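# Any chance you can model this:
(one chain, ligands or ions: 1)
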Amino acid sequence: MMAADFPILKNDRILKAAKGEKPDKLPVWVMRQAGRYLPEFRDFRQKHDFFEVCQTPEYACEVTLMPINRYELDAAIIFSDILVIPQVLGMEVEMKPKEGPVLPNPLTLEMVKDLKTDGAVDRLDYVGKAITLTRQRLKGKVPLIGFSGAPWTLMGYMIEGGGSKTYSKAKKWLYAYPEQAHNLLNLLTDVIIDYLVMQIKSGAQLVQVFDSNAEYLNKHLYLTFCIPYLRKINVAVKKMLKEQHINEVPMILFAKGGWYCLEEQADLGYDVLGIDWTVEPTFVKNILKNKNITIQGNLDPCALYAPQEELEELVQNMIKQFGSERYIVNLGHGIYPDAPTESLETLTKSVHGFSI
Ligand code: CP3
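Residues are numbered from 1 along each chain as shown. Below is the predicted model:
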């Protein structure tokens, strides 16, 4: 399937904002917008296992479109998970209803050599197929976002065997076994590069790199163990696309809790930086004022619990503080499963009601 075969795009707000052009209205989408806060998603999950949905393009497409059918969102994000990479590297990953992801055999130093990197991205071709199918089904309504976990965030889940309060087992590698840590991060980086290129070739119109575990590090650790790999991902993806005569797509970096090295993130070549809800807009604006970069964020996911008029006021205030230039509205992290469904309608209406 060639890009030219896809339906013509009718809503390019997010692409314009990402490239520094002026859209007609501010774009808005929500991390985890295809998720458990939607009753139709919960019904679907009663019938299908989490990874069955990820691995079946028809199902992944259906779930991706759920929030798009309900709300005036300006982008779709393909339904999948960052943990499909550890999975195709040979690690077992289970999605438990209460605990979230569990990797029953966490990665040890000895296990790294057995990770199945050969053909890893070929084993992810179901994501490419889901993207291509979704591009067709979207009929050009909004752009489709692809994504991957960042090397450090994937390393964290692989070593801890799931989520963690401290990520101390994974951080131990950074202090006690830095060489092995770099070796693992390099291996993951190479897979991520091929994976993102595959998603773009399949039809992804933007890609986001989720570094959700940035918050457990500090500037020194982030500069040593994350920044070089995030740079390599950006440079290598763009280079590979160029070599294959495929148009570049905007790249978004979301380092949750990574406020301590925002300036360094801005110099990596990404088009958009995601900002979590703990960061003041003035802090972000100050650091990024002379950088050619778009800001994405950062409404507290819990603001969706506020009465609707108050939510509207919070959204309007946030936009005023970030300013409408080079700005994409989003939450400062993923939406929670108990978020009121009407709040997303209030959010999208409030954003589109702001005249720019
Ligand atoms: O954004 C979207 O709507 C697209 C789909 C998407 C999912 N996970 C589906 C999902 C995306 C982009 C992700 C990314 C992801 N997965 C991240 C990075 C973003 C972040 O939140 O920081 C991380 C860290 C993961 C790993 C993961 N997957 C966790 C920690 C959990 C459990 C916590 C939770 O929010 O439920 C998951 C499960 C998961 N991934 C669900 C969904 C819809 C819910 C599980 C279910 O359906 O039972």
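# Confirm that Phe147 sits in a strand.
Yes - judged by DSSP: H, G, I helix; E, B strand; the rest coil, Phe147 forms part of a strand.
# Let me know whether it touches Ile82 as I believe.
Yes - using Cβ atoms under 8 Å, Phe147 is in contact with Ile82, at 7.3 Å. For glycine as for every other residue, the C-beta is placed from the backbone atoms N, C-alpha and C.
# Mutual contacts of these two, please.
Phe210 (Cβ atoms under 8 Å, 6 or more residues apart in numbering).
# more crowded one of those two?
For Phe147 versus Ile82, neighbours defined as other Cβ atoms under 10 Å are more numerous around Phe147 (22 against 19).
# The ligand contacts on the stretch 251-356 of the chain?
Lys256, Gly334 (Cβ under 6 Å from any ligand atom).
# Also the chain?
Counting by Cβ under 6 Å from any ligand atom, the chain sits next to the ligand at 31-36, 45, 50, 77, 79-83, 95, 100-101, 147, 163, 210, 212, 256, 334.
# Take these and, keeping just the buried ones, write it as a PyMOL select command.
To isolate the buried members of the residues of the chain next to the ligand in PyMOL, using 16 or more other Cβ atoms under 10 Å:
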select buried, resi 31+32+33+34+35+45+50+77+79+80+81+82+83+95+101+147+210+212+256+334
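# among the residues of the chain next to the ligand, which are in strands?
Ile77, Met95, Gly100, Pro101, Phe147, Phe210 (DSSP state E).
# need the contact list for the nearest residue in space to the third one that is not next to it in sequence.
Computed as Cβ to Cβ, 6 or more residues apart in numbering, the closest residue to Gly100 that is not its neighbour in sequence is Gly163, at 5.6 Å. For Gly163, the set of contacting residues under the criterion of Cβ under 8 Å, 6+ apart consists of Glu99, Gly100, Pro101, Tyr157.
# The same query, at a cut-off of 10 Å, please.
Contact partners of Gly163, counting by Cβ atoms under 10 Å, 6 or more residues apart in numbering, are Glu99, Gly100, Pro101, Val102, Gly156, Tyr157, Ser212, Asn213.
# Report the beta-bridge partners for the closest residue to the ligand within the stretch 1-150 of the chain.
Nearest to the ligand, among the residues of the stretch 1-150 of the chain, is Gly100, at 3.0 Å (Cβ to the nearest ligand atom). In this structure, Gly100 bridges to Lys96 when assessed by DSSP bridges.
# Please spell out which residues along the helix or strand harbouring Leu185 are buried.
For Leu185, the element it lies in under DSSP states H and E is helix 178-202. Residues 181-182, 184-185, 187-202 are the ones in helix 178-202 that count as buried (16+ other Cβ under 10 Å).
# Would you map the strands across the chain?
Using DSSP E, strands in the chain cover 76-77, 94-96, 100-102, 144-149, 206-211, 251-255, 272-275, 294-299, 327-331.
# shaky segments in this protein?
For the chain, the stretches with pLDDT under 70 are 1-4.
# burial measure for Tyr167, as a count.
21.
# Oops, could you answer that again for Val121 instead?
21.
# Next: the one 10 residues further on.
Other residues lying near Ile131 total 27 when counted by other Cβ under 10 Å.
# picking that back up, and of the contacts of Gly163, the nearest to Pro23?
Ser212 (27.2 Å; Cβ to Cβ).
# surely the closest one meets Trp152?
Yes - counting by Cβ atoms under 10 Å, Ser212 touches Trp152, with 9.5 Å between them.
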